[in-house]
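Visitor: Predicted model and sequence follow; I will ask about them next.
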Amino acid sequence: MPAKESVKSFLKLFIKIAVTAACLWYVSRRIDWIKSFEIIQNSNWLWLFAAIILFTASKIVSSFRLNIYFKNINVQLSQTQNLKLYWLGMFYNLFLPGGIGGDAYKVILLNRTYEYPAKQLTAAVLLDRISGVAGLGILAVVYYYFVFSSANYSLLLLCLLPVGFLVYYFFVRKIFPSFTSGFWPALWLGLFVQALQVLCAYAIMMALHIDEHQTIYILLFLLSSIVAILPLTIGGLGAREVVFLWGSNTLLHITNDPTPVSISISFYLITLVISFIGVYWVYKSPLQKNG
């Protein structure tokens with residue numbers, strides 16, 4: 001069994017590396033990476049610092065959202081412990097993508113340390129992810145409407161948002177009844193998390209001196225974030241850049257311009273730097289056994 005799991009983990013890592021490399025190769029055929037990094041090097045560092053603060057704040061709020069679901073199943077973690085565990089998960093997701101993912105590691109560590117049921121822990125982590133995707137979806141629909149001004153079914157999608165809320169709520173109530181009480185607080189926090197990341201993207205654009213087509217770039221940022229959630233690349237690297245490349249070409253008819261891709265690269269670098277903080281809790285467990 002361990003041998004099979006090792007092979008499975010290796011295959012997952014190999015596929016992620018291959019897809020990431022393919023995406024980056026595809027983008028490199030259409031833009032000049034050197035020019036893209038030159039744009040980043042010439043950025044306004046104060047705005048870049050603001051982007052880092054906003055991204056960090058979004059992750060802190062995310063940890064509060066996860067703790068709501070933990071408390072629904074009587075997992076009693078202090079917010080400090082939960083934040084450390086969350087940061088450790090961020091590190092594993094980005095730096096050890098082929099083995100145990102960050103979400104799975106949180107479940108394993110809580111199960112081993114406090115013997116909480118793994119099934120309920122998995123449900124809590126899964127719903128936390130879904131709340132994040134829901135927040136992304138809401139903002140993506142709103143920005144889609146602003147970009148297309150009632151065209152391309154944008155008004156219809158906007159009107160369907162309340163229906164989506166209800167379907168999502170009854171799905172959680174039916175499939176995960178233990179988490180019903182945490183549904184609305186987690187949903188609003190999920191929306192707040194994505195709003196902070198949208199502000200982070202605005203700060204990145206200001207840092208890169210991009211003052212045109214910002215609404216379209218935010219829509220592409222939200223769509224690329226949804227694509228990056230799919231476990232196909234390493235931390236979304238490559239996938240985000242492809243979305244920005246295709247989107248800017250389709251919506252703005254921009255070709256061979258590294259500017260849009262510079263936004264996604266900057267966001268990835270910020271994610272990389274902040275997530276690396278979690279390496280500290282690889283060597284010092286974020287959880288302590290109860291006396």
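Guide: Cool, the structure landed. What you see is a predicted model, and the numbers here were worked out from it, not measured in a lab.
Visitor: Can you pull out the low-pLDDT segments for the stretch 51-200 of the chain?
Guide: 97-100 (pLDDT under 70).
Visitor: Helices along that one, start to end?
Guide: For the stretch 51-200 of the chain, the helices defined by DSSP state H, counting those that start in this stretch cover 79-95, 102-114, 118-148, 154-159, 161-175, 183-207.
Visitor: And the first one, what does it pack against?
Guide: Helix 79-95 makes packing contacts with helix 45-72, helix 102-114, helix 259-275, helix 280-283 when contacts are defined by 3 or more Cβ pairs under 8 Å, 6 or more residues apart in numbering; DSSP states H and E. The way it works is simple: take the backbone N, C-alpha and C, and place the C-beta from them, glycine included.
Visitor: hang on, the earlier thing: would a markdown table of the helices of the stretch 51-200 of the chain with mean neighbour count and distance to residue 279 be doable?
Guide: What follows is the helices of the stretch 51-200 of the chain, written out as a markdown table (neighbours: other Cβ atoms under 10 Å; distance: least, Cβ to Cβ, whole Å):
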| stretch | mean neighbour count | distance to residue 279 |
| --- | --- | --- |
| helix 79-95 | 20 | 5 |
| helix 102-114 | 18 | 12 |
| helix 118-148 | 19 | 21 |
| helix 154-159 | 14 | 41 |
| helix 161-175 | 12 | 34 |
| helix 183-207 | 21 | 22 |
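Visitor: Turn those helices into a markdown table, including distance to residue 69.
Guide: Converted to a markdown table, the helices of the stretch 51-200 of the chain look like this (distance: least, Cβ to Cβ, whole Å):
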| stretch | distance to residue 69 |
| --- | --- |
| helix 79-95 | 11 |
| helix 102-114 | 11 |
| helix 118-148 | 4 |
| helix 154-159 | 28 |
| helix 161-175 | 10 |
| helix 183-207 | 6 |
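Visitor: With residue 287 as the reference, name the closest of those.
Guide: helix 102-114 (4.7 Å; Cβ to Cβ).
Visitor: Contacts for that closest one next, please.
Guide: 75, 85-86, 88-93, 100, 116-118, 121-122, 125-126, 129, 285-287, 289-290 (Cβ atoms under 8 Å, 6 or more residues apart in numbering).
Visitor: can you give me the angle that helix makes with helix 259-275?
Guide: 10 degrees (axes from the mean of the first three to the mean of the last three Cα atoms, to 10 degrees).
Visitor: Now find how far off-centre helix 102-114 is within its chain.
Guide: From the chain centre to the centre of helix 102-114 is a distance of 20 Å (Cα atoms, centre = their mean, to the nearest Å).
Visitor: Now do it and helix 118-148, the angle between them.
Guide: Per the same axes, to 10 degrees, the angle that helix 102-114 makes with helix 118-148 is 150 degrees.
Visitor: coming back round to it: between the helices of the stretch 51-200 of the chain, which one is nearest to residue 57?
Guide: Closest of the helices of the stretch 51-200 of the chain to residue 57 is helix 183-207, at 5.4 Å (criterion: Cβ to Cβ).
Visitor: Give the other helices and strands that that closest one contacts.
Guide: If contacts are counted by 3+ Cβ pairs under 8 Å, 6+ apart, helix 183-207 sits against helix 45-72, helix 118-148, helix 161-175, helix 214-229, helix 259-275.
Visitor: and the longest one, how far out from the chain's middle?
Guide: The reference is to helix 118-148. Mean-position distance between helix 118-148 and its chain equals 10 Å (Cα atoms, centre = their mean).
Visitor: Ok, stretch 55-71 next?
Guide: Centroid displacement of stretch 55-71 relative to its chain, using Cα atoms, centre = their mean, is 12 Å.
Visitor: quick revisit: nearest to residue 243, of the helices of the stretch 51-200 of the chain?
Guide: helix 118-148 (11.6 Å).
Visitor: Of the helices of the stretch 51-200 of the chain, which is nearest residue 53?
Guide: helix 183-207 (8.5 Å).
Visitor: Between helix 45-72 and the closest one, find me the angle.
Guide: Between the axes of helix 183-207 and helix 45-72, defined by the same axes, to 10 degrees, the angle is 170 degrees.
Visitor: wouldn't residue 65 be in contact with residue 130 here?
Guide: No - using Cβ atoms under 8 Å, residue 65 makes no contact with residue 130, being 10.9 Å away.
Visitor: And residue 250, how far from residue 244?
Guide: 11 Å (Cβ to Cβ, to the nearest Å).
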